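J.: I would like to see how this sequence folds:
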Amino acid sequence: MSPGIIDPTTALYCIDRLGEVFGRLAGREIPSPMRFDEKRQLRIVTEINTLGDLACHAFAAIARYGITDVDVIARLLSTMDNLSRSSPCEACEAIMGLREAIRRESEKQVSLAFDREVVQALPESRG
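T.: Residues are numbered from 1 along each chain as shown. Predicted coordinates for the structure are as follows:
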């Protein structure tokens, strides 16, 4: 979603796909940051992005532009809840921290009283 072209349907689709991708990643082991050659000589030390880092950056980007759309916020929160159930502890903590920040901010940002009531009725964190 961009400020110029608000497209909640595309945002919802992206949230669903991100939930699927991160759900698959949650079951995988994070590779070592060290890379060895065939003689077991250390050749490269890389930076590793964790599941929590990747998920939070992706979900925050959508939330930034969709914070006033109740449907987008509800889908984000639900997807983050589902992902936290299958994620390692570190990722779960990061995801649920962002989830709560999005929920709090969305309560302030929605303009219609009806939308505020909907956001306030969304479940608290289940993680």
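
J.: which helices and strands does the helix or strand hosting G97 pack with?
T.: In the assignment (DSSP states H and E), G97 maps to helix 89-109. Applying 3 or more CB pairs under 8 Å, 6 or more residues apart in numbering; DSSP states H and E, one finds that helix 89-109 contacts helix 51-66, helix 70-86, helix 113-121. All C-beta spots, glycine's among them, are computed from the backbone N, C-alpha and C.

J.: tilt between that helix and helix 113-121?
T.: Angle between the axes of helix 89-109 and helix 113-121 is 150 degrees (criterion: axes from the mean of the first three to the mean of the last three CA atoms, to 10 degrees).

J.: residues of helix 89-109 that come out buried?
T.: Within helix 89-109, the residues that qualify as buried are 91-92, 94-96, 98-99, 102-103, 105-106, 109, counting by 16 or more other CB atoms under 10 Å.

J.: Between those residues, which sits nearest I73?
T.: Of all the buried residues of helix 89-109, S106 has the smallest distance to I73: 4.5 Å, by CB to CB.

J.: isn't L76 right up against A60?
T.: No - between L76 and A60 there is no contact under CB atoms under 8 Å: 9.6 Å.
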